[in-house]
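J.: Sequence plus the predicted model coming up.
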Amino acid sequence: MANTKDFFRQHPVIKHLLLMVLTALCILIIIFILLKMYAHVGQEYKMYDLIGQKFDQINDSSDIRLRYVVIDSIYDENQAGGTILTQDPKPGSMVKRGRKVYVTIAAYSAEEAVMPDLTDMTVRQAISQLSSVGFTVGYLKFVESPFRNAVLEQNHKGRVVQPGTPLEKGSVIDLTIGMGEGNNTNIIPFVIGKSPTKARNAILSSSFNIGAEHFNGVTDRSHAVVVRQEPDYTGVSRYPYGTQVELWYSSDSDIDVDKMVNDFHVDSSKIIYTNEYEENNTVDDSWQW
């Protein structure tokens, strides 16, 4: 012990360096302890399910002390205003005390937008215009007219809608389209692997209608992709304008979408050749996903 005291007396610099190191270690230990207490390290709780509850009636009586933040509101006529539609973190995930929970709720009333003038626009242009203001295309009705593929009339719930009329966003607009002269057929587009919105737009833009849509087993439609379509895509078979295309969906978490698209092969037994295409039966592989 005396030797140690003599050593530090003879080497005061080393003594002070050791004291500095010990002091720094003590400070670090105290900081780590405080951080652990502040961040509640190791203290996690299972997040409960908020979906379907009214936001203004959430009663967090637990000691988790969660904080709720509304990030968006979406109008849904099937949901009461203020109902929680989505949440993050998801139910069942582990959260710490004081965690912010981000929710999307059902809006109490729908926003309105003004109906644009679609007269003489092509189907593709009309779809783009309606989407830009918050409307969607419902049914395409084709009638005899010299104006080929041109919008003749726009309807909502069976009634003609004049340009400038205010409607709720999300309203479904049906279009009356002129057939013009000549061959009123087209090739069914390839929509395998596409989301519902992209698939519908592709089908409608090709002058076809949306048939039955099957979401069996899909709980979150924002993650749905088309896994089957009827009629099938062949790149050759032509169908009359207005033909209904039936769609089947699956969740993109259940399948490898890229592999499904890349492995797709045209079923030659389903190819229907028209007189116009009998002389050239090469399958069109120019589709893009």
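T.: Good, I have the coordinates. Numbering: from 1, shown residues only.
J.: just the helices in the stretch 51-200 of the chain please.
T.: Assignment of helices within the stretch 51-200 of the chain using DSSP state H, counting those that start in this stretch yields the ranges 123-133, 196-205.
J.: can I get those in JSON lines with distance to residue 247 and mean neighbour count?
T.: Yep, even glycine has a C-beta here, placed from its N, CA and C like the rest. Listed next are the helices of the stretch 51-200 of the chain as JSON lines, based on distance: least, C-beta to C-beta, whole Å; neighbours: other C-beta atoms under 10 Å:
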{"stretch": "helix 123-133", "distance to residue 247": "17", "mean neighbour count": "17"}
{"stretch": "helix 196-205", "distance to residue 247": "6", "mean neighbour count": "20"}
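J.: So which of these is nearest residue 94?
T.: When the helices of the stretch 51-200 of the chain are compared by C-beta to C-beta, helix 196-205 sits nearest residue 94, at 31.9 Å.
J.: mean confidence for the helix or strand just after the closest one?
T.: Going down the chain from helix 196-205, the next helix or strand is strand 209-214, by DSSP states H and E. The average of the pLDDT scores along strand 209-214 is 96.
J.: Name the strands paired with strand 209-214 and say parallel or antiparallel.
T.: strand 244-251 (parallel) (DSSP bridges).
J.: Reformat the helices of the stretch 51-200 of the chain as CSV; add distance to residue 20 and mean pLDDT.
T.: Formatted as CSV, the entries for those read as follows, by distance: least, C-beta to C-beta, whole Å; pLDDT from 0 to 100:
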stretch, distance to residue 20, mean pLDDT
helix 123-133, 66, 93
helix 196-205, 64, 94
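J.: Quick one: those helices as TSV, columns for distance to residue 245 too.
T.: Converted to TSV, these look like this (distance: least, C-beta to C-beta, whole Å):
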stretch	distance to residue 245
helix 123-133	14
helix 196-205	5
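J.: so which of those comes closest to residue 170?
T.: Comparing the helices of the stretch 51-200 of the chain against residue 170 with C-beta to C-beta, the closest turns out to be helix 123-133 (10.8 Å).
J.: quick one: contacts of that closest one?
T.: Helix 123-133 is touched from outside by 113-116, 118, 121, 136-137, 140, 149, 151, 154, 169, 173, 175, 177, 201, 204-205, 207, with contacts defined as C-beta atoms under 8 Å, 6 or more residues apart in numbering.
J.: hmm, 6 Å instead?
T.: Helix 123-133 is contacted by residues 113, 116, 118, 137, 151, 173, 201, 204, 205, 207 when judged by C-beta atoms under 6 Å, 6 or more residues apart in numbering.
J.: The third one and residue 155 touch, don't they?
T.: No - counting by C-beta atoms under 6 Å, no contact exists between residue 118 and residue 155, whose distance comes to 10.8 Å.
J.: More neighbours: which of the two?
T.: Neighbours per residue (other C-beta atoms under 10 Å) separate residue 118 from residue 155, with residue 118 holding more: 23 against 16.
J.: Just list the residues touching that one, thanks.
T.: With contacts defined as C-beta under 6 Å, 6+ apart, residue 118 is in contact with 126, 151, 154.
J.: Over to residue 44?
T.: Residues in contact with residue 44 (C-beta under 6 Å, 6+ apart) are 94, 96.
J.: Brilliant, that's me finished.
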